[in-house]
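Participant: Sequence and predicted structure are below.
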Amino acid sequence: MNDPDKPIDRRILVDAIAEVKDMGREGLAHPSTKPVLTGAAVGAVAAALLPVVSWPIGLVAGAGFMLYKRIRP
């Protein structure tokens, strides 16, 4: 059931694309770059320890999670 106080946010993809473009332009000077890179590294290490998941999947998952947390805290 949907909560009327929290409307469904349909702009997350647009916001994510804008954030990634800004990160690409500004490099490490952008405030989101370091947390997203850290999340990617943690995801890759965690995936390397798991027998089923490979490190590229963990890298993308970790980066995606941290990007989401930066966009929607």
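Facilitator: Right, received. Where do you want to start?

Participant: Output stretch 41-48 as PDB, nothing but the C-alphas.
Facilitator: C-alpha atoms of stretch 41-48 as PDB (Å, rounded to 0.1, in the frame of the first residue of the first chain):
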ATOM      1  CA  ALA A  41      35.700  -1.200  -3.900                       C
ATOM      2  CA  VAL A  42      33.800  -2.700  -0.900                       C
ATOM      3  CA  GLY A  43      31.300  -4.400  -3.200                       C
ATOM      4  CA  ALA A  44      34.100  -5.900  -5.300                       C
ATOM      5  CA  VAL A  45      35.900  -7.200  -2.200                       C
ATOM      6  CA  ALA A  46      32.700  -8.600  -0.800                       C
ATOM      7  CA  ALA A  47      31.800 -10.300  -4.100                       C
ATOM      8  CA  ALA A  48      35.300 -11.800  -4.300                       C
END
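
Participant: how about low-confidence regions in the protein?
Facilitator: 1-9 (pLDDT under 70).

Participant: try 90
Facilitator: 1-16, 48, 50-53, 55, 71-73 (pLDDT under 90).

Participant: Run through the helices of it in chain order.
Facilitator: 12-26, 33-49, 55-71 (DSSP state H).

Participant: Sort out which residues of the last one are buried, please.
Facilitator: Read it as helix 55-71. Buried residues in helix 55-71, counted by 16 or more other Cβ atoms under 10 Å: 58, 59, 61, 62, 63, 66, 67, 70, 71. No exception for glycine: its C-beta is placed from N, CA and C like everyone else's.

Participant: Dump those residues into CSV; add distance to residue 12 as well.
Facilitator: Listed next are the buried residues of helix 55-71 as CSV, based on distance: Cβ to Cβ, whole Å:
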residue, distance to residue 12
58, 22
59, 21
61, 17
62, 18
63, 15
66, 14
67, 10
70, 12
71, 7
